[in-house]
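J.: Sequence and predicted model, in that order:
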Amino acid sequence: MNIEEIRSQFPQLKERVYGKSLVYLDNAATSLRPVSVVEKWDEISLKYNSNLHRAVHHTAVVATEEYESARESVRDFIGAESSDEIVFTSGTTHSLNLLAACLGNSLKEGDEIIISESEHHSNIVPWQLLSERKNLNIKVLPIDDNGNLRVDILPSLLTEKTRICCVAQISNVLGIINPVGEIIRLCHANGTLVVLDGAQGIVHETTNVRDIDCDFYVFSAHKMYGASGVGVLYGKRNLLENMPPFMGGGEMIESVSWTHTTYAPIPRRFEAGTQNISGVPAIKPAIEMVKMLRDKEIQDNYNALGAYVYTELSREEGVRLFGTPSDPSQKIPLFSIAVEGAHHEDLALILDKMGIATRSGRMCADPLMDRLGVSGMLRASFAPYNTMEEAEYFITCLRKAIKMLR
Amino acid sequence: MDSLEEAKNAVIEEFSMFDEWLDKYEYLIDLGKNLEVFPVELKTDDRLIKGCQSRVWLDTEVKNGRLFFRADSDAIITKGIISLLISVYNGRTAEEISSDNFDFIEKIGLRENLSPTRANGLVSMIQTIRQEAGKNV
């Protein structure tokens, strides 16, 4: 498949900023939306907007079918056993907060949670809030200087009190594909549950939750070409069934009385209130796009531009590239750097004026910034619709920006 | 001393000479590099305006009803804008500052530098300048 065919499906790529073609390299924050996703959103919004799971009228039936068929698409996409195991949320952060609140309900004082050092705040703070409520201990699974998780010391962190281990499939700062299979194997041997943050992983990795045997897997639609405000929580059936509800109200109940309220079965027990009527069905075309972008020609281009940027940044004077696994195939085209004599905010402002959208700052990962000894970073995160020309333009502009600032 | 309005207009006029953003940024970078050195002992936590992106330190002194600012940042473009702010607002009375709308930053085409993100130390700096003025009215 030709990259221009793909690009034509993402109209935002034709936008111009300050008179220059937009070069969008902030895909790890939010990816662009293809026409198919917007069309599905429009179709539901303009023709079938009505509340789900309640009314018997035709419009509501169609809207509910669209919503439930999206659940089936997600099930199929991640290889879950049953669509009952797919809970729709507003995003990864919501999914993780739900888990911390509901899974955390059964934890007792002194229980331990392991969190990797390279986690996003969304996979840290909900567990800290839980720890404060329940007097738990949080242990950190460290990284080495190259950003690799120290899985070798994981066994020494696991004790009989370790109940949960939280780790990202791919770090949003380092771009390293973590050895989640090994982590899950070690944790399960210890009776520890594993919560896998797939926010970055869902779009890059082909993930089968049953093959990797993770207990929970969470991700957002807006980082995989879908709508914002849509997220997924996958959990193994027996685990979800044993969790109490998160929020109350809406269709999460079975019956309500002043003395005894009972709750709906999973997954609706966790879907309180009116759901994202147009956004959830739009995850179907988003999944189709993820699959389409796994085309060989597209992936070859993606890998080639990743290798090019990696090489150029690695040999650039005064540029520190974070996340450098010994096997380069374990890094996705996501590059966070710190530049000697040039502040990340200045670099991002200058690149912006050149038409390049990057991310600067602390990437919602303060502990990792502290570990690596930087106040922030500049991040360029590529998607399969980016071209080699854009990668070359980025490197050229970065050099110019550095020169201006030094 | 020029009036506050005159000082603002002088900056706006200065910037109107630049057609290109590149020249504008180069000018700001230059201003940033030449900003009066901020004493290291003043880089305390209570003077630090934290942001996700750039950090800004601001020190305010009140002399005879007039406010005097010294500031620093780890980002150079922000430092350049700090230099502009100081040149415009230094030595003004609390009344003058608190009744001003700080619109000249937008007028010189630096809107992006003032995006309302949590990240932005500069926005917080302007708020802090206003608060300091407010306290002294």
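T.: Sure thing, it's come through. Numbers count the residues shown, from 1 in each chain, chains lettered A, B, ... in the order given.
J.: Can you list the buried residues in stretch B:88-102?
T.: Buried positions in stretch B:88-102, judged by neighbour count with 16 or more other Cβ atoms under 10 Å in any protein chain shown: B:Val88, B:Tyr89, B:Gly91, B:Arg92, B:Thr93, B:Ala94, B:Glu96, B:Ile97, B:Ser98, B:Asp100, B:Phe102. (Each C-beta comes from the backbone N, C-alpha and C, glycine too.)
J.: quick one: the residue located most distally from the centre of chain B from chain A, how far?
T.: Residue distances from the centre of chain B (Cα atoms, centre = their mean) peak at B:Asp19, which lies 22.4 Å from the mean C-alpha position. As defined by Cβ to the nearest Cβ, to the nearest Å, B:Asp19 lies at a distance of 12 Å from chain A.
J.: if we can go back for a sec, okay, and which of the buried residues of stretch B:88-102 map to helices?
T.: The helices, defined by DSSP state H, take in B:Val88, B:Tyr89, B:Ala94, B:Glu96, B:Ile97, B:Ser98 from the buried residues of stretch B:88-102.
J.: Any chance of those in TSV with pLDDT and distance to chain A as columns?
T.: Output for those, formatted as TSV (pLDDT from 0 to 100; distance: Cβ to the nearest Cβ, whole Å):
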residue	pLDDT	distance to chain A
B:Val88	92	21
B:Tyr89	93	22
B:Ala94	92	30
B:Glu96	91	30
B:Ile97	92	26
B:Ser98	89	28
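J.: Adding distance to A:Val62 as columns, could you present those in CSV?
T.: Output for those, formatted as CSV (distance: Cβ to Cβ, whole Å):
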residue, distance to A:Val62
B:Val88, 60
B:Tyr89, 60
B:Ala94, 62
B:Glu96, 62
B:Ile97, 59
B:Ser98, 57
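J.: Helices along chain B, start to end?
T.: For chain B, the helices defined by DSSP H cover B:4-16, B:21-33, B:76-89, B:94-98, B:104-107, B:121-136.
J.: Give me the number of neighbouring residues for the single nearest residue of the stretch 101-250 of chain A relative to chain B.
T.: Relative to chain B, the nearest point of the stretch 101-250 of chain A is A:His121 (11.0 Å; Cβ to the nearest Cβ). A count of nearby residues for A:His121, using other Cβ atoms under 10 Å in any protein chain shown, gives 17.
J.: Ignoring the adjacent residues along the chain, who's closest to it?
T.: Nearest residue to A:His121, sequence neighbours excluded (Cβ to Cβ, 6 or more residues apart in numbering or on different chains): A:Cys364, at 4.5 Å.
J.: Can you classify the one you found by secondary structure?
T.: Assigned with DSSP: H, G, I helix; E, B strand; the rest coil, A:Cys364 falls in the coil class.
J.: number of nearby residues for it?
T.: As a burial measure, A:Cys364 scores 20 neighbours (other Cβ under 10 Å).
J.: so who does it touch?
T.: A:His120, A:His121, A:Ser122, A:Asn172 (Cβ atoms under 8 Å, 6 or more residues apart in numbering or on different chains).
J.: and what of A:Pro285?
T.: Neighbour list for A:Pro285: A:Pro34, A:Ser36, A:Val37, A:Glu39, A:Lys40 [criterion: Cβ under 8 Å, 6+ apart].
J.: So what's the residue count around the residue found closest to it once you drop the neighbours it is linked to in the chain?
T.: Nearest non-adjacent residue to A:Pro285, counting by Cβ to Cβ, 6+ apart: A:Ser36, 3.8 Å away. For A:Ser36, the count of nearby residues is 17 (other Cβ under 10 Å).
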